[in-house]
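Undergrad: structure for this input, please:
(chains A and B)
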Amino acid sequence: MQLFVVNVLISMLWALLTGKVSVGSLTLGFVLGYFALTLLYPAEEEKKNSYFQKTMQVVRFALFFTKELVVSSWRVAIDVIKPLPLMRPGVIGIPIDAETDLEITMLANIISLTPGTLSLDVSKDRKTLYIHAMYVANPDDLRKEIKDGLERRLLELLR
Amino acid sequence: MIREILVSAFLLIGGLLSLVAVAGVLRLPDLFTRMHAATKTGTVGVSAITIGMMIHFGNITVTSRGVLVIAFFLLTAPVAAHMIGRAAYRSGVSLWILTRIDEWKTHGDLGEEDD
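TA: Purely as a prediction, here's the structure:
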């Protein structure tokens, strides 16, 4: 957290020194500052430091999420245009490891955002999330895909 | 030049996706599949148009507002979709005839409404 503030300060300094405050210069300053900070820490300590770990996780999650979003929008779009839709929708329950309100909310939101899946409800014991999926070739495969992909990465990020 | 191509690409993709979203709402068979088309394809479409606009203007006021527009879209669209889907399912809107499986019904706890 402290390192994050330092990083933001570095990006502001960079913007001020280069003489133009814009999104581009602030982003560039932040990226440069990040690498400067990683240089200040020896490699072993870098792995332990939660700021560097979290940043890498956020970047990886953002890339993964964007990829999912694009790939599956494409799939839904194709299916809408096709004369005979090939989808096989279904309502399936996913056992979830997310426990707190925040984790469950984030997971449900992210599942709703990736095209092809829409979260419907959480069971009363908060162990199962019911989703409506557009392509259920095999319920177990889909369950595994969501648990190993989205949920694992999200929990890694939040915990 | 490159900027113009980028802007046009984003605007075109956004427009096409919004068109697909509308087509989806009209063509897909039941409420739940329609929600898929309306929320997600729509969200990505609007985001793409906003990104195109941010690249076109390229100054800090427009960009910061654009980022906020996308952020709020990503926050609100899934919540709305979730609420509509949940309410529809609970009030007994029937699923499409080719729906494969309904685990909520078979071993769910669609009991009394106490929340």
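Undergrad: can I assume A:Phe64 is in contact with A:Leu154?
TA: No - here A:Phe64 does not reach A:Leu154: they are 9.9 Å apart, not a contact under C-beta atoms under 8 Å. (C-beta placed from N, C-alpha, C; glycine too.)
Undergrad: packing partners for the longest helix along chain B?
TA: Longest helix in chain B by number of residues, with DSSP state H as the criterion: helix B:60-90. Contacts defined by 3 or more C-beta pairs under 8 Å, 6 or more residues apart in numbering or on different chains; DSSP states H and E place helix B:60-90 against helix A:23-40, helix A:101-113, strand A:117-122, helix B:31-36, helix B:42-57.
Undergrad: tilt between the longest one and helix B:60-90?
TA: Here helix A:23-40 runs at an angle of 80 degrees relative to helix B:60-90 (axes from the mean of the first three to the mean of the last three C-alpha atoms, to 10 degrees).
Undergrad: ok, back up a step: more neighbours, A:Phe64 and A:Leu154?
TA: Shown here are A:Phe64 and A:Leu154; by other C-beta atoms under 10 Å in any protein chain shown, A:Leu154 has more neighbours (21 against 14).
Undergrad: wait, doesn't that one sit right on A:Leu107?
TA: Yes - taking contacts as C-beta under 8 Å, A:Leu154 lies within contact range of A:Leu107: 5.8 Å.
Undergrad: so what sits against both of those two?
TA: A:Ala98 (C-beta atoms under 8 Å, 6 or more residues apart in numbering or on different chains).
Undergrad: three-state assignment of A:Val91?
TA: What DSSP: H, G, I helix; E, B strand; the rest coil gives for A:Val91 is strand.
Undergrad: ok, it - how many residues close by?
TA: Count around A:Val91 with other C-beta under 10 Å applied: 26.
Undergrad: over to the one 3 residues further on?
TA: The burial metric for A:Ile94, expressed as a neighbour count using other C-beta under 10 Å, is 24.
Undergrad: over to A:Leu118?
TA: Neighbours of A:Leu118 (other C-beta under 10 Å): 28.
Undergrad: hey, what's it bridged with?
TA: A:His132 (DSSP bridges).
Undergrad: dump the residue contacts of it.
TA: Residues near A:Leu118 by C-beta under 8 Å, 6+ apart: A:111-112, A:131-133, B:32, B:35-36, B:39, B:81-82, B:85.
Undergrad: enumerate the residues of chain A near chain B.
TA: Within chain A, the positions adjacent to chain B are A:21-23, A:69-70, A:72-73, A:76-77, A:80-81, A:85, A:87-93, A:108-110, A:112-116, A:118-121, A:123-125, A:128, A:130, A:132, A:134, A:136, A:139 by C-beta under 8 Å from any C-beta of the partner chain.
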